[in-house]
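1. Sequence first, then the predicted structure, then my questions.
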Amino acid sequence: MSYVQRVLEQTIKRNPSEFEFHQAVKEVLESLEPVFARRPEYAKAGILERIVEPERQIIFRVPWLDDQGNVQVNRGFRVEFNSAIGPYKGGLRFHPSVNLGIIKFLGFEQIFKNSLTGLPIGGGKGGSDFDPKGKSENEIMKFCQSFMTELYRHIGADTDIPAGDIGVGAREIGYLFGQYKRITNLYEGVLTGKGLTYGGSLVRREATGYGLIYFMEEALKDRGKAFEGATVVISGSGNVAIYAAQKAQQLGAKVVAMSDSNGYVYDREGIDLDIVRQLKEVERRRIKDYLQYKPQAEYHENFADIWTVPCDIALPCATQNELNEKAAKTLVSNGCFAVGEGANMPCTPEAIKVFQSNNIIYAPGKASNAGGVATSCLEMTQNSMRYSWTFEEVDAKLKTIMINIYKNASQAAKEYGIEGNLVVGANIAGFLKVADSMLAQGVV
Ligand code: NDP
């Protein structure tokens with residue numbers, strides 16, 4: 001049995017029921033087989049055994065009082081996965097589906113994503129099974145304060161710097177930051193995605209979506225394609241989806257469908273993003289209300305059916321495993337030529353095989369959605385400098401980072417004889433820097 005298969009087997013055995021974590025580890029480890037053939041010193045130093053084991057996992061009780069005065073209890077998580085190349089960095093997710101396996105898959109992916117950005121940040125992730133939907137402002141604030149009352153002792157500007165993810169946007173980051181400052185008496189860049197009046201960075205809000213489009217632009221260019229004139233379908237209508245849609249439209253694409261966890265809207269004239277932003281960012285309503293403003297558009301229940309809408313480019317920007325083999329086959333048969341992941345692990349392994357065997361441009365999230373964390377790191381830099389860059393300055397840096405990630409991933413794939421395979425390329429390029437740093441730092 002190969003080194004990779006042995007570690008994979010041990011990991012699955014040791015972490016039962018963490019299916020998303022198994023999926024993420026399997027994809028990364030199997031794509032690294034050619035690296036171990038060339039670099040036996042990694043196996044000797046137990047790099048894989050160590051990289052699949054988080055440096056620290058924190059699970060804690062989050063008690064809070066709802067508006068009726070009832071005691072509510074949620075579970076909080078922070079997984080500090082790997083600090084070989086910098087302090088732990090990764091978002092917080094508030095969603096009822098959150099469990100340790102989900103946080104570990106996200107934290108594991110984050111190690112390689114952060115490495116790919118070329119910036120000095122390690123990997124971590126956290127969150128809670130708290131459901132922000134239907135909660136009052138007061139309840140959201142009380143939850144965030146209780147969550148931070150435990151989390152604060154584990155994080156810090158040079159230790160671990162959380163950010164947003166599903167269910168955690170500027171509002172939640174504000175409440176979390178306020179409580180951190182109150183408990184520690186420190187005004188430091190401990191969270192990213194902050195508001196612009198108290199240390200946030202311009203472009204952070206747009207960064208993941210814009211970064212995805214910058215990455216895809218480069219990948220499309222290599223194959224003689226472009227966003228100009230293309231029909232695009234984007235799942236989700238949250239932070240990543242909205243700004244991916246905005247940049248795609250700026251580049252001349254027509255975005256015809258977007259979704260939320262209930263269903264999707266199809267607007268053959270092209271989605272009016274001002275309506276989506278008003279509904280989702282301001283009023284926190286459902287995507288089906290889009291039809292109140294554009295009655296000629298269609299609404300369909302079952303968000304997963306969004307992939308039946310014919311398109312040239314598909315951008316899954318909602319959640320993990322939202323695009324399966326059947327959906328992938330439908331996309332291919334409808335003439336889709338590129339798929340770029342804005343979400344983390346949105347395509348199942350079977351769907352990815354369909355794309356790869358049909359020569360579809362396929363960009364894995366850990367490379368194509370790295371613009372968010374990259375800009376978070378730029379926010380940390382500005383906080384340390386006590387200085388802010390302009391929108392244009394941050395945007396230009398983000399674009400350069402995304403182009404470099406694409407080049408490094410495609411170069412690594414070429415070097416290992418699998419040209420065009422961005423999954424393997426991204427995994428190898430992200431892994432080497434972390435592995436070499438771990439080798440240099442000894443058995444820790
Ligand atoms: P948001 O909470 O802003 O939006 C999430 C969107 O996806 C919403 O439209 C939501 O619908 C939908 N969604 C969430 N969960 C599900 C589900 N289980 N089934 C169907 N639809 C779902 O999150 P983000 O936009 O920040 O994150 C989206 C994805 O991008 C995630 O995978 C995240 O990990 C990834 N990502 C985010 C980054 C960031 O900077 N924010 C950075 C890199 C990756 P509804 O409102 O109905 O719940």
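-> Nice, thanks for sending it over. Small disclaimer: the values here were computed from a predicted structure and weren't measured.
2. which stretches of the stretch 201-350 of the chain have low pLDDT?
-> By pLDDT under 70, the stretch 201-350 of the chain has no low-scoring segment.
3. what are the ranges of the strands in it?
-> For the stretch 201-350 of the chain, the strands identified by DSSP state E, counting those that start in this stretch occupy 231-235, 254-259, 263-266, 298-301, 313-316, 338-340, in order along the chain.
4. Tell me which other helices or strands the first one touches.
-> With contacts defined as 3 or more C-beta pairs under 8 Å, 6 or more residues apart in numbering; DSSP states H and E, strand 231-235 has these neighbours: helix 239-250, strand 254-259, strand 313-316. Heads up, the C-betas are built off the backbone N, CA and C, glycines and all.
5. Quick one, which of those gets closest to the ligand.
-> Taking C-beta to the nearest ligand atom as the criterion, helix 239-250 is the member of the helices and strands packed on strand 231-235 that comes nearest to the ligand, at 3.6 Å.
6. which helices and strands sit right next to the closest one?
-> For helix 239-250, the packing partners by 3+ C-beta pairs under 8 Å, 6+ apart are helix 204-222, strand 231-235, strand 254-259, helix 273-277, strand 313-316.
7. could I get that helix in CSV with only the CA atoms?
-> Output in CSV follows, covering the C-alpha atoms of helix 239-250 (Å, rounded to 0.1, in the frame of the first residue of the first chain):
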residue,chain,number,x,y,z
ASN,A,239,-21.5,37.5,-0.6
VAL,A,240,-19.6,35.4,-3.1
ALA,A,241,-22.4,35.0,-5.6
ILE,A,242,-23.3,38.7,-5.7
TYR,A,243,-19.8,40.0,-6.4
ALA,A,244,-19.0,37.3,-8.9
ALA,A,245,-22.1,38.3,-10.7
GLN,A,246,-21.2,42.0,-10.6
LYS,A,247,-17.7,41.5,-12.0
ALA,A,248,-18.9,39.0,-14.7
GLN,A,249,-21.5,41.6,-15.8
GLN,A,250,-18.8,44.3,-15.9
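8. The residue nearest to Q249 when sequence neighbours are not counted - how many residues pack around it?
-> Here the nearest residue to Q249 in space, its sequence neighbours aside, is V255; by C-beta to C-beta, 6 or more residues apart in numbering that works out to 6.0 Å. Other residues lying near V255 total 25 when counted by other C-beta atoms under 10 Å.
9. Contacts only, for V255.
-> Contacts of V255 were listed using C-beta atoms under 8 Å, 6 or more residues apart in numbering, and they are 232-234, 245, 248-249, 270-271, 273.
10. do Y214 as well
-> For Y214, the contacting residues are 247, 371, 398-399, 402-403, taking C-beta under 8 Å, 6+ apart as the criterion.
11. Need the buried ones from the residues you listed selected in ChimeraX.
-> Selecting just the buried residues from the contacts of Y214 in ChimeraX takes one command, with 16 or more other C-beta atoms under 10 Å as the test:
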select :247,371,398,399,402
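12. from the contacts of Y214, which is closest to the ligand?
-> Nearest to the ligand, judged by C-beta to the nearest ligand atom, of those is G371 at 7.7 Å.
13. How much space separates the closest one from Y406?
-> With distances defined as C-beta to C-beta, to the nearest Å, the gap from G371 to Y406 amounts to 11 Å.
14. Identify the contacts common to the two.
-> Taking C-beta under 8 Å, 6+ apart as the contact criterion, the common neighbours of G371 and Y406 are F215.
15. before we move on, the earlier item: mind putting the contacts of V255 in CSV, distance to Q179 included?
-> As requested, the contacts of V255 are exported to CSV (distance: C-beta to C-beta, whole Å):
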residue, distance to Q179
V232, 39
V233, 39
I234, 34
A245, 33
A248, 37
Q249, 37
G270, 42
I271, 37
L273, 33
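16. residues in the stretch 251-400 of the chain within reach of the ligand, list them.
-> Within reach of the ligand by C-beta under 6 Å from any ligand atom, the stretch 251-400 of the chain has these residues: 260-262, 303, 317-319, 342-344, 369, 372.
17. so which of those residues is the most crowded?
-> Across those, the neighbour count under other C-beta under 10 Å reaches its highest value at G342, namely 32 neighbours.
18. Tell me who's in contact with it.
-> For G342, the contact set (C-beta under 8 Å, 6+ apart) comprises 208-209, 212, 234, 236, 240-241, 244, 315-317, 365, 368-369.
19. Of the residues you listed, just say which sits nearest to V443.
-> If you rank the contacts of G342 by distance to V443 using C-beta to C-beta, G365 comes first, at 31.1 Å.
20. pretty sure Y180 contacts M148?
-> Yes: counting by C-beta atoms under 8 Å, a contact exists between Y180 and M148, whose distance comes to 5.5 Å.
21. Show me which of the two is the more surrounded one.
-> Using other C-beta under 10 Å, the more surrounded residue of Y180 and M148 is M148, with 26 against 23.
22. Now do the same contact list for the more buried one.
-> Each residue near M148 by C-beta under 8 Å, 6+ apart is listed here: 175-176, 179-180, 183.
23. so what's it closest to, chain neighbours aside?
-> Using C-beta to C-beta, 6+ apart and skipping residues adjacent in sequence, the residue nearest M148 is Q179, 4.0 Å away.
24. Equivalent analysis for I275, please.
-> Nearest non-adjacent residue to I275, counting by C-beta to C-beta, 6+ apart: Y293, 4.8 Å away.
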